[in-house]
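*Asks:* The following comprises the amino acid sequence and a computationally predicted model.
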Amino acid sequence: MLKPTVGNLVPFKAAFAALAGIILLSIAATAGTAKGSVADALRQVIDAGASSAPYMDDQLAIRRFYANRDFQPFWYHESAPTPTARELIAEMAGAENWGLRSADFALSAAARDVSGGHKSAAQVASVEYELMSAVLRYARQASGGRITQPDRDLSDFLDRRPELPDSIAVIDNVTSAEHPGEVLRSFHPQHEQFQKLHALYVKTKSEAARMAAMRIAPRGPMLVPGARDEEIPKLRARLGLSATGDETLYDSDLKAAVKAFQRSNGLSADGLVGNTTRAALNKEAAFNLDAIVASMEEWRWMPRDLGARHLLINIPSYTVQVVEGGKVSMTERVIVGKPGTPTPVFSKPMTSIVLRPSWFLPDSIKVEKLLNAARRGRSLESEGIVVKKGKRTVNSWSVNWEKANLAVYQIYQPSGDGNALGNVKFLFPNKHSVYLHDTPNKSLFQADERLFSHGCVRLRNPVSFAQKILDLDKGKGAYDADRLADRGPGNNEITLDDPLPVHVGYFSVWIGDDGKVEFYGDPYGHDQRVTLALEGRWNEIDKGPRHQTVPDSGLLAGARLPSKRSVAVASGTPQNATMAGRPQKFIPPFGLFNAPDYVTPASTGPSNAAAKPVHSSRRTVGDMMTSAFGR
């Protein structure tokens, strides 16, 4: 064996150094190739996604972000997701708890793989693009992007547009945050009521899963006190009762629980569990979940900033709230529109309060008033209504309303006793011609469901409500609303110094400050429309009545208003000489149905009592107008 010497080691060291250099160069070259291949693959994935992207803004924002970093991945490092990527993945996996669908943010197996195993350049590029696209999709849906045009897709009376986030801002905010999951949550509405609904939804969802295991048969024998049945244990568990010695016995405790459940669901509280009670027991949780999600979705359409001071009119609860600094300082009962003439959902600022107002009829109500007057054989003047064209007062019976341009006629009811608007109206100008106002008919406020108006919102105590708003705007005591409403000048309009936001909302589920949950019902069917839309069943949506802001004056074809004399002739009242030459014949409007009996005299003589009433079997213009127009 040769002993190693210094001379023998020199060539060995040289060879080793050369080999090491080759290995390092190879590693560097391989690394550079991998880096370049990921960038190329990501560029190709982004470009390929452009052809099928549902939102081009998202696509452009993604390309901008990665172009600024030479198409290097952000969420993945050396084929493994970064800690921030893992946080995002976990946040999106909980989308169901926010009333969203986890399936809309489902990631591929490769994207969900957090093991850090080897991934090719194409795989890294694919999961990088997939995760960034899901982030933008989540931010959009959390902000209301599932139903972007409620007035077009659900109902004319849902005048809302969700405030969708800017795609570039979403990416910048999420990628610059230490905790991107928190940024994602911030795209949900931050209103207190929405956050309460979110907590209620999580709780109810958990209960629904628990109740699913307690479902009783939808149809079966009548369960009565004293009976024994194999379903009794499930019924006890469903109503929160602990087990007893004989679990199959329908005892007195269970009877009391069943009756309480029946009362709370509007059923006859007889303690008998028949098919109707069975159905209510099985559907309640699922129904509540749908209602909660619908209310959450409708909050997503609301302005992000409601205003430090604002009014919130909630249609399903028939109330209006004055909110100051996030706290309700006043609540009042209201009457809202009938299902055929719904109060629209929208937001506008209140600009003024009018005390002792005149009622200026919008064009749609002009048509209705003219038709109603014709049907009754009365003039508008007999109802205390004034007609003006420019500055000139005209007689309603002297106008050919079928051909008249309604817009040039001012038809109004002067302020005073019997005025339809009462003593106060609150103006927040809007395209719907809707406002808050008083009403002479106070008895209607005793009803639980107050669906009586033609679209406007009537207040139970408008003078005290006006005083509250004036005190907030002008300072306490600056105006005496009670005195001005009683003895002040007519049409006394007081402009607010600071316009007050008014939000007309539709929230069938409400959680009070005491934590009590109220389910108000769905008077207009908007919740059902939202539920169908979120389930993708768009073609099943009944959009309900149409919102017509321009009346069809052609409906007045054939309508004639009687003069004072013709009304008197029809009733047999002696005429005053000044009415000579006035028409004595009242022609009933075309297609009258379910109207008062009208008499068409055979001659101009007063003897027409024997003439037969004229009726039509056709649907009347009055019927059509009642369902289409008016406030």
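*Replies:* Yes, it's here.
*Asks:* top strand in the protein by residue count?
*Replies:* Longest strand of the chain, by residue count under DSSP state E: strand 492-505.
*Asks:* and residue 309, what does it touch?
*Replies:* 322-325, 472, 498, 500-501 (CB atoms under 8 Å, 6 or more residues apart in numbering). Yep, even glycine has a C-beta here, placed from its N, CA and C like the rest.
*Asks:* Buried ones among those?
*Replies:* Neighbour-count burial (16 or more other CB atoms under 10 Å) is assigned, among the contacts of residue 309, to 322-323, 472, 500-501.
*Asks:* Poorly predicted segments of this protein, please.
*Replies:* Scanning the chain for pLDDT under 70 picks out the ranges 1-36, 79, 114-117, 284-287, 548-631.
*Asks:* tell me the SS of the spatially most central residue of it?
*Replies:* For the chain, residue 298 is the residue whose C-alpha lies nearest the centre (CA atoms, centre = their mean; 4.3 Å). Of the three states, residue 298 takes helix under DSSP: H, G, I helix; E, B strand; the rest coil.
*Asks:* cool, and residue 244?
*Replies:* Residue 244 ends up coil, using three-state DSSP.
*Asks:* Apart from its neighbours in sequence, what residue is nearest it?
*Replies:* residue 251 (6.4 Å; CB to CB, 6 or more residues apart in numbering).
*Asks:* Isn't that neighbour up against residue 242?
*Replies:* No - counting by CB atoms under 8 Å, residue 251 stays clear of residue 242, with 11.8 Å between them.
*Asks:* between these two, which one's more packed in?
*Replies:* residue 251 (15 against 7; other CB atoms under 10 Å).
*Asks:* Distance of that one relative to residue 124?
*Replies:* 64 Å (CB to CB, to the nearest Å).
*Asks:* same thing with residue 262?
*Replies:* Distance, residue 262 to residue 124, by CB to CB: 60 Å.
*Asks:* got the CA coordinates for the helix or strand where residue 182 lies in CSV?
*Replies:* In this structure, residue 182 sits in helix 180-185 according to DSSP states H and E. Included here for helix 180-185 are C-alpha records, laid out as CSV according to Å, rounded to 0.1, in the frame of the first residue of the first chain:
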residue,chain,number,x,y,z
PRO,A,180,-55.2,38.2,5.2
GLY,A,181,-58.1,36.2,6.7
GLU,A,182,-59.1,39.2,8.7
VAL,A,183,-59.0,41.3,5.5
LEU,A,184,-61.4,38.8,3.8
ARG,A,185,-63.8,39.0,6.8
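*Asks:* Return the list of helices and strands in contact with that helix.
*Replies:* Identification of packing neighbours for helix 180-185 by 3 or more CB pairs under 8 Å, 6 or more residues apart in numbering; DSSP states H and E yields helix 83-93, helix 121-142, helix 167-176.
*Asks:* Pull out the buried positions in the last one.
*Replies:* Within helix 167-176, the residues that qualify as buried by neighbour count (16+ other CB under 10 Å) are 167, 170-171, 173-175.
*Asks:* any idea which of those is the one closest to residue 91?
*Replies:* Residue 91 lies nearest to residue 174 out of these, by CB to CB, at 10.4 Å.
*Asks:* In contact with that closest one, which residues?
*Replies:* By CB under 8 Å, 6+ apart, the neighbours of residue 174 are 88, 135, 139, 180, 183-184.
*Asks:* Would you list the buried entries among those residues?
*Replies:* 88, 135, 139, 180, 183-184.
*Asks:* Output those residues in TSV, with distance to residue 401 appended to each entry.
*Replies:* Below are the buried ones among the contacts of residue 174 laid out as TSV (distance: CB to CB, whole Å):
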residue	distance to residue 401
88	64
135	60
139	54
180	64
183	60
184	59
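*Asks:* any idea which of the residues you listed is the one closest to residue 369?
*Replies:* Proximity of those to residue 369 (CB to CB) peaks at residue 139, which lies at 49.5 Å.
*Asks:* ok, now which ones touch the closest one?
*Replies:* Residue 139 neighbours (CB under 8 Å, 6+ apart): 165, 170, 174, 184, 187.
*Asks:* Could you do residue 386 as well?
*Replies:* Counted by CB under 8 Å, 6+ apart, residue 386 has contacts 393, 411-414.
*Asks:* what's downstream of the longest strand of the chain, the next helix or strand?
*Replies:* Downstream of strand 492-505, the next assigned helix or strand under DSSP H and E is strand 509-511.
*Asks:* got the phi/psi numbers for residue 519?
*Replies:* When read as degrees, to the nearest 10, the backbone of residue 519 gives phi -110, psi 110.
*Asks:* mind listing the helices for the stretch 451-600 of the chain?
*Replies:* Assigned by DSSP state H, counting those that start in this stretch, the stretch 451-600 of the chain shows helices spanning 462-474, 481-487, 526-534, 564-571.
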